[in-house]
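K.L.:
sequence plus predicted model, see below.
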Amino acid sequence: QPRLPPHSILGNPPNKHPLDSIKMVKSQWSDEEAAKCNGDLLALRVYTSRLIGGDQDLVLHGGGNTSVKSTFKDVFGEEIPTLYVKGSGWDLATIEKAGFAPVRLDVMQKLPTLPTLTDTELVTVQKQACLDPSAPAASVETCLHALIPFTFVDHSHSDAVCLLTDMPDQEKIIREVYGENCLIVPYVLPGFWLAKKVKEMTEGMDWNKLEVIVLLNHGIFTWGNDPKTSYEAMINMVNKAEDYLKSKGAFFEDIPDGDAPQEAFNPVGVAAVRKEVSTAAGCAMVMKTTNTLRAKAYASLPDLKQVSQVGTLTPDHIIRTKRLPAIVQEVAKEGGSAQADVDKYKQEYAAYFQRNAGPDLKMLDPAPRWLLVPGRGWMSAGKTVKDCQIVDDIANHTARAIQWANKCSCYECLNEKDLFDVEYWELEQAKLRKGGAKKQFEGKIAVVSGAASGIGKACAKAFLDAGACVLGLDKNPAVADAFKGSSWIGACVDLTDADAVTQALDTCAQCFGGVDILVMNAGILPKSSPIEDIDPKMWDLSMNINLTASQRLLTASIPYLKLGVDPCVVLVGTKNAPAPGRGMACYSVAKMALTQLARIAALELAPAGVRVNTVHPDAVFDTGLWSEEVLNTRAKAYGLTVDEYKRRNLLKAEITSHDVAAAVRAMAGPDFFKVTGAQLPVNGGDERTV
């Protein structure tokens, strides 16, 4: 879940970050759990892979890979020597048997004898060698796993080990830590060339005398003929790296004062930064702020501008974070230095590309993913909340490692050209050329009022399904659990409370980065009553909830909308606004006033590029507004049966909350980018309004 600002209206903060209590990596092996695998090699491979993947000090978000050598029985019942290796797209923390690709062991062992092989050719051969057409694509490290002549092979990107290779005199340090039984491999781009290099270095070598392989600026390999030996070798080797750091006074376990959130970033300032990052990326981006004491401590380093501008802890991270973080000097309500700082980053990224690119490469977007704010903390940017969380996790580990390195020596990672080659790896460029299905509202941020039920809940679902992040507001506490997932925040808020509304939007900015879409839907349907019998309390309640609450929300949202990406407001009105019914004065007058508010907002916000449109639904009976009593009363007022009343539109169609949500989502999308001030009926047609 997104980290929330202190004293959030959403209750207690989520679980503490894994780095809040830094301890030595420890073996989590359990003989009892391993026994449940009943000697099944692949099941044991799954078990220890999850142990490795579950420790963020070993791997982060899909990093690392594991394998086991076994056999595959073909249709003739013949046993084929097979390497089961982690498949692309699977995370070690949650991997299952289906996540391992079974490839012919002999083919993988023979590949490094070839004089050359492109990455595309390597992937093709691995597909050809795969014995299960439904299996995921095998890891690019498959050849190296095949070369290591042991049953189980583990590969991680341990922070401590990578740090040893990210300092001057890296080979000397590693030899001091691991001795002569360690194979130290100079940095080579992962895949065919790395496997070929290791094959050359181990030609004629007795593998039984080797204990570990350390890949400079990359990671570590361990192995064994049983899963426990391989896994605990990994833990032991990482412990040695940590012991070395401790001996140099460079391994600190915790911050004495804890890691409580510090002063929050200015929320409108965050929206301003997100606007600039989205512009640089060429698409809407989500942004998450991190204001922990740990983040503040790193951002307060006196030499931040030097130590932060070196490179990634391990090359894998560059795909997520780019080579360097941006430095945003100020995050203020007026935007601070956001535009100038992001523009500077874009220019420097373009220059970096020009220095290193070949003639056929296409530059990736130049938007930063990790943005440091000196003295305050940092922000993480991505196309989804998950992307932001990955960047934030990598940022935490990188910041910690850089501080360790500076206590021990200094931080000196892989050179710019080699990092560039990873960022623009042929396989990554192929993905770029393919593009991929992007959800329509990916990176967009929507706020929906009245989101616990009915039309509001349907609107929230429509935007979530289309890839948006959504803040749902409602007086009903059930809104908190209306949807699952990190792209949803449900806040129990009284929309007539201006302070509560402000705080809810603040939370949205800290967790998602701002507001692009505002759906004003919250309302009540008072009991039908002729004007002469109107209860003053009911009149006031209708005006307060159906009109004032939306005005409060709109007013508080405008600063964010002005900084949004393709920003818009969609008012969920009612047919009763243009065509009121008898006995509906409390409801119709409030909704007509709200419609007028939307029309004025369209006039006022157009210069800022904010569109304001209205949908007027009618007879949407799958919502909480329509109690049996209200439905019977309204049907009686028209002299109709309940069934006739439900189908009184021209098309004789049933209108559902999801029909209205579809119209709302369409109005927020590109088909309506040049429409503002419009009012669209969603009622199946009505003689009074047609």
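P.N.:
It's in. Residues are numbered from 1 along each chain as shown.

K.L.:
wait, is residue 68 part of a strand?
P.N.:
Yes - Residue 68 forms part of a strand when assessed by DSSP: H, G, I helix; E, B strand; the rest coil.

K.L.:
can you tell me the closest non-neighbouring residue to it?
P.N.:
Distances taken as C-beta to C-beta, 6 or more residues apart in numbering put residue 45 closest to residue 68, at 4.0 Å, once the chain neighbours are dropped. The C-beta positions use only the backbone N, C-alpha and C, and glycine is treated the same way.

K.L.:
which ones are touching residue 93?
P.N.:
50, 53-54 (C-beta atoms under 8 Å, 6 or more residues apart in numbering).

K.L.:
and if you look at residue 342?
P.N.:
Shown in contact with residue 342 (C-beta under 8 Å, 6+ apart): 273, 276-277, 279-280, 326, 328, 367-368.

K.L.:
now do residue 129
P.N.:
Taking C-beta under 8 Å, 6+ apart, we find residue 129 in contact with 103-104, 107-108.

K.L.:
separation between it and residue 160?
P.N.:
35 Å (C-beta to C-beta, to the nearest Å).

K.L.:
surely the residue nearest to residue 68 and residue 100 touch.
P.N.:
Yes - at 6.7 Å, residue 45 counts as touching residue 100 under the criterion of C-beta atoms under 8 Å.

K.L.:
quickly list what's touching both of these two.
P.N.:
67-68, 84.

K.L.:
test my guess that residue 689 contacts residue 679.
P.N.:
No - using C-beta under 8 Å, residue 689 is not in contact with residue 679; the gap is 9.5 Å.

K.L.:
hey, what's in contact with both of the two?
P.N.:
Contacts common to residue 689 and residue 679, judged by C-beta under 8 Å, 6+ apart, are 578, 616.

K.L.:
sec struct for residue 538, please.
P.N.:
helix.

K.L.:
what residues are up against it?
P.N.:
Taking C-beta under 8 Å, 6+ apart, one finds 526-527, 529, 586 in contact with residue 538.

K.L.:
give the buried subset of these as a PyMOL selection command.
P.N.:
The buried residues among the contacts of residue 538 can be selected in PyMOL (16 or more other C-beta atoms under 10 Å) with this line:
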select buried, resi 526+529+586
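
K.L.:
give the other helices and strands that the longest helix along the chain contacts.
P.N.:
As assigned by DSSP state H, the longest helix anywhere in the chain is helix 385-408. Counting contacts by 3 or more C-beta pairs under 8 Å, 6 or more residues apart in numbering; DSSP states H and E, helix 385-408 is packed against helix 159-164, strand 286-290, helix 293-299, helix 318-321, strand 370-373, strand 377-382.

K.L.:
looking at these, which is nearest to residue 489?
P.N.:
strand 286-290 (12.0 Å; C-beta to C-beta).

K.L.:
for the stretch 51-200 of the chain, which segments count as helices?
P.N.:
Along the stretch 51-200 of the chain, counting by DSSP state H, counting those that start in this stretch, helices occupy 105-110, 119-129, 142-147, 159-164, 170-178, 192-202.

K.L.:
quick one on the thing from earlier: and which of the contacts of residue 538 is nearest to residue 423?
P.N.:
Taking C-beta to C-beta as the measure, residue 423 sits nearest to residue 526 out of the contacts of residue 538, at 59.5 Å.

K.L.:
tell me the SS of the closest one?
P.N.:
Strictly by three-state DSSP, residue 526 counts as coil.

K.L.:
out of everything not next to it in sequence, what's closest to it?
P.N.:
Going by C-beta to C-beta, 6+ apart, residue 526 has residue 586 as its nearest residue, at 4.3 Å.

K.L.:
next one: residue 231
P.N.:
Nearest one to residue 231, counting by C-beta to C-beta, 6+ apart, is residue 48 at 4.3 Å.

K.L.:
for the nearest residue in space to residue 500 that is not next to it in sequence, what are its contacts?
P.N.:
Residue nearest to residue 500 in three dimensions, not counting chain neighbours: residue 493, with 4.9 Å by C-beta to C-beta, 6+ apart. Neighbouring residues of residue 493 by C-beta under 8 Å, 6+ apart: 9, 473-475, 500-501, 504.

K.L.:
tell me which of the residues you listed fall in strands.
P.N.:
For the contacts of residue 493, membership in strands holds for 473-474, with DSSP state E as the criterion.

K.L.:
columns neighbour count, distance to residue 489 and pLDDT on top of the contacts of residue 493, output as JSON lines?
P.N.:
What follows is the contacts of residue 493, written out as JSON lines (neighbours: other C-beta atoms under 10 Å; distance: C-beta to C-beta, whole Å; pLDDT from 0 to 100):
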{"residue": "9", "neighbour count": "16", "distance to residue 489": "10", "pLDDT": "30"}
{"residue": "473", "neighbour count": "30", "distance to residue 489": "10", "pLDDT": "98"}
{"residue": "474", "neighbour count": "26", "distance to residue 489": "12", "pLDDT": "96"}
{"residue": "475", "neighbour count": "16", "distance to residue 489": "16", "pLDDT": "94"}
{"residue": "500", "neighbour count": "18", "distance to residue 489": "14", "pLDDT": "95"}
{"residue": "501", "neighbour count": "25", "distance to residue 489": "14", "pLDDT": "96"}
{"residue": "504", "neighbour count": "25", "distance to residue 489": "9", "pLDDT": "97"}
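
K.L.:
what's the end-to-end length of stretch 80-97?
P.N.:
18 Å (C-alpha to C-alpha, to the nearest Å).

K.L.:
now it: mean pLDDT?
P.N.:
Mean per-residue pLDDT for stretch 80-97: 95.

K.L.:
next one: stretch 419-438
P.N.:
Mean predicted lDDT for stretch 419-438 stands at 72.

K.L.:
ok, back up a step: make CSV out of the contacts of residue 493 and add distance to residue 32.
P.N.:
Output for the contacts of residue 493, formatted as CSV (distance: C-beta to C-beta, whole Å):
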residue, distance to residue 32
9, 44
473, 47
474, 46
475, 49
500, 50
501, 52
504, 47
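
K.L.:
residues contacting residue 664?
P.N.:
Contacts of residue 664 (C-beta under 8 Å, 6+ apart): 459, 462, 519, 570, 572, 615.

K.L.:
tell me the buried residues in the helix or strand hosting residue 634?
P.N.:
Assigned by DSSP states H and E, residue 634 belongs to helix 628-637. With burial defined by 16+ other C-beta under 10 Å, the residues of helix 628-637 counted as buried are 631, 634-635.

K.L.:
include distance to residue 565 and pLDDT when you put those residues into TSV, please.
P.N.:
TSV is the format used below for the buried residues of helix 628-637 (distance: C-beta to C-beta, whole Å; pLDDT from 0 to 100):
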residue	distance to residue 565	pLDDT
631	40	82
634	41	79
635	44	85
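
K.L.:
quick one: least confident helix or strand in this structure?
P.N.:
helix 426-434 (a mean of 58; mean pLDDT, DSSP states H and E).

K.L.:
so after it, what's the next helix or strand?
P.N.:
Following helix 426-434 in sequence, per DSSP H and E, is strand 445-449.

K.L.:
and that next one, what does it pack against?
P.N.:
Against strand 445-449 (3+ C-beta pairs under 8 Å, 6+ apart) you get helix 454-465, strand 469-474, helix 498-511, strand 517-520, helix 549-561.

K.L.:
need the residues that contact that strand.
P.N.:
284, 286, 456, 459-460, 463, 468-474, 495, 505, 508, 512-522, 549-550, 553, 557, 564, 668.

K.L.:
what pairs with it, parallel or antiparallel?
P.N.:
strand 469-474 (parallel), strand 517-520 (parallel) (DSSP bridges).

K.L.:
buried set for it?
P.N.:
Buried positions in strand 445-449, judged by neighbour count with 16+ other C-beta under 10 Å: 445-449.

K.L.:
and the furthest pair within the residues you listed?
P.N.:
Maximum distance among these (C-beta to C-beta): 14.5 Å, for 445 and 449.
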